[in-house]
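A.B. asks: Dropping a prediction and its sequence here:
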Amino acid sequence: MRNKIIPYNPELKLLARQLRKNSTLPEVLLWQNIKQRGYGVQFHRQVPMLNYIVDFYCHEIGLAIEIDGVTHEYAYLYDSKRQGELEVYGVTFLRFSNEEVKKNMFSVLLVIEETVRRLQE
């Protein structure tokens with residue numbers, strides 16, 4: 001699975017670029033903590049995969065991180081379908097709410113660190 005590139009719909013490249021330019025506050029906060037290879041791996045923002053875009057992805061270990069906002073409460077079926085389709089490719093998902101990222105960053109980072117370590121084994 002290491003460094004496996006998941007195929008994607010090329011039409012999503014422009015949308016991914018726009019999402020990078022218009023990040024939510026929780027996305028910016030988390031990005032500030034994971035962007036500098038702090039865990040020995042490199043994360044990318046707003047990565048197109050299949051017909052979807054994930055918030056953060058590490059190709060090296062196949063880890064996707066999603067930050068779910070208020071609208072995700074109503075998008076549960078869509079998120080589940082998307083996650084299931086990507087898991088077929090060996091992608092591991094971590095999901096955090098906006099509130100977790102804003103109010104409990106330390107715990108979020110501990111979960112990410114533990115997951116990265118486990119996937120590197």
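C.D. replies: Perfect, thanks for sending it.

A.B. asks: Show me the strands in this structure, by range?
C.D. replies: Assigned by DSSP state E, the strands in the chain fall at 44-49, 52-58, 63-68, 92-97.

A.B. asks: Now render these as TSV, adding mean pLDDT.
C.D. replies: What follows is the strands of the chain, written out as TSV (pLDDT from 0 to 100):
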stretch	mean pLDDT
strand 44-49	96
strand 52-58	96
strand 63-68	95
strand 92-97	96
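
A.B. asks: Of these, which is nearest Pro10?
C.D. replies: strand 44-49 (8.0 Å; C-beta to C-beta). Placement of C-beta: from N, CA and C, glycine included.

A.B. asks: Going by contacts, tell me the helices and strands next to that closest one.
C.D. replies: If contacts are counted by 3 or more C-beta pairs under 8 Å, 6 or more residues apart in numbering; DSSP states H and E, strand 44-49 sits against helix 12-21, strand 52-58.

A.B. asks: give me the low-pLDDT residue ranges for this structure?
C.D. replies: 1-3, 70-74 (pLDDT under 70).

A.B. asks: switch to 80 and redo it
C.D. replies: Residue ranges of the chain with pLDDT under 80: 1-5, 70-77.

A.B. asks: Pull out the buried positions in the helix of greatest length in the chain.
C.D. replies: Using DSSP state H to define each element, the chain has its longest helix at helix 105-120. By 16 or more other C-beta atoms under 10 Å, the buried positions in helix 105-120 come out as 105, 108-109, 112, 115-116, 119.

A.B. asks: what's the answer for stretch 82-97, then?
C.D. replies: 82-83, 86, 91-94, 96-97.

A.B. asks: do stretch 5-13 as well
C.D. replies: Residues 6, 8, 12 are the ones in stretch 5-13 that count as buried (16+ other C-beta under 10 Å).
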